[in-house]
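Novice: sequence and predicted structure, then a few things I'm wondering about:
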Amino acid sequence: MAIDRKKFWGKNHFKHPKLTNDMVAQAEAQLGVKLPTTYINLLKIQNGGYTRKFGFPMKRRTSWAKDHVPLDDLAGIIIDPDFRSPLNIMKSPDMSLEWDVPPKQVLLTGDGHWWITLDYRKSKTPRVRWIDTEMGQDMKVADTFADFIKGLKPEKAFIPPMDEFGDPI
């Protein structure tokens, strides 16, 4: 089941500005990448912010969970350096240096210890990666951002069924 893009976004808590084509062009020039069309189309609905809480299924355990990685928020594109928001891909170069993230990453979401990124190390078409700098994990999540979005499931799909005492069954 694919996520309905119109039901993807939650709150725009940081009040990100509406995305323009000029902002996309500036971001791509400054970051030196071509951003995926699927990502840009999502940002045209809402330029980053909180999602309605999703997870992407993983075949291998990550430091986050045994079966998925989270997508509770997604960074937008904020060109104005004075605009304060942690959910901004334009902070990727500085945050990558600060958190020792491998080169050629656009940080989509994360808390510093872990990130979900667009990885441009091997191609101009990025893969989506899970990078946990503390645990030394650098794992492919999806071959493309479009595949990542298609594979998302509501967060509740990853919550195990509970018995009457609140213990997993």
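Specialist: The structure has been received and is ready for your questions. In this text the structure is predicted, and so the values were computed from the model without any measurement.
Novice: SS state for the most centrally placed residue in the chain?
Specialist: Central residue of the chain (C-alpha atoms, centre = their mean): residue 108, 3.4 Å from the mean position. Under DSSP: H, G, I helix; E, B strand; the rest coil, residue 108 falls in the strand class.
Novice: measure it to residue 163 for me?
Specialist: 36 Å (C-beta to C-beta, to the nearest Å). Using the backbone N, CA and C atoms, a C-beta is placed for each residue, glycine as well.
Novice: what bits of this protein have low per-residue confidence?
Specialist: For the chain, applying pLDDT under 70 flags the ranges 1-3, 161-162, 166, 168-169.
Novice: now with 80, please.
Specialist: Residue ranges of the chain with pLDDT under 80: 1-6, 160-169.
Novice: as a check, name the ranges of all helices in it.
Specialist: 21-31, 37-45, 92-99, 145-151 (DSSP state H).
Novice: deepest of the ones you listed, which one?
Specialist: Sort the helices of the chain by mean neighbour count, taking mean count of other C-beta atoms under 10 Å, and helix 145-151 sits at the top with a mean of 19.
Novice: give me the distance from it to the chain's centre.
Specialist: The chain centroid and the centroid of helix 145-151 are separated by 11 Å under C-alpha atoms, centre = their mean, to the nearest Å.
Novice: what's it packed up against?
Specialist: The contact analysis (3 or more C-beta pairs under 8 Å, 6 or more residues apart in numbering; DSSP states H and E) places helix 145-151 against helix 37-45, strand 49-57, strand 127-132, strand 137-142.
Novice: contacts for the third one?
Specialist: Strand 127-132 is contacted by residues 58, 62-64, 69, 101-102, 105, 108, 110, 113-119, 137-145, 147-148 when judged by C-beta atoms under 8 Å, 6 or more residues apart in numbering.
Novice: kindly report the same for the first one.
Specialist: The set of residues external to helix 37-45 that reach it, using C-beta under 8 Å, 6+ apart, is 5-6, 8-9, 19, 24, 74, 76-77, 108, 118, 144-146, 149.
Novice: let's see 6 Å
Specialist: 19, 24, 76, 145, 146, 149 (C-beta atoms under 6 Å, 6 or more residues apart in numbering).
Novice: tell me, how many residues neighbour residue 6?
Specialist: Close neighbours of residue 6, defined as other C-beta atoms under 10 Å, add up to 7.
Novice: how about residue 4?
Specialist: Using other C-beta under 10 Å: residue 4 sits among 8 other residues.
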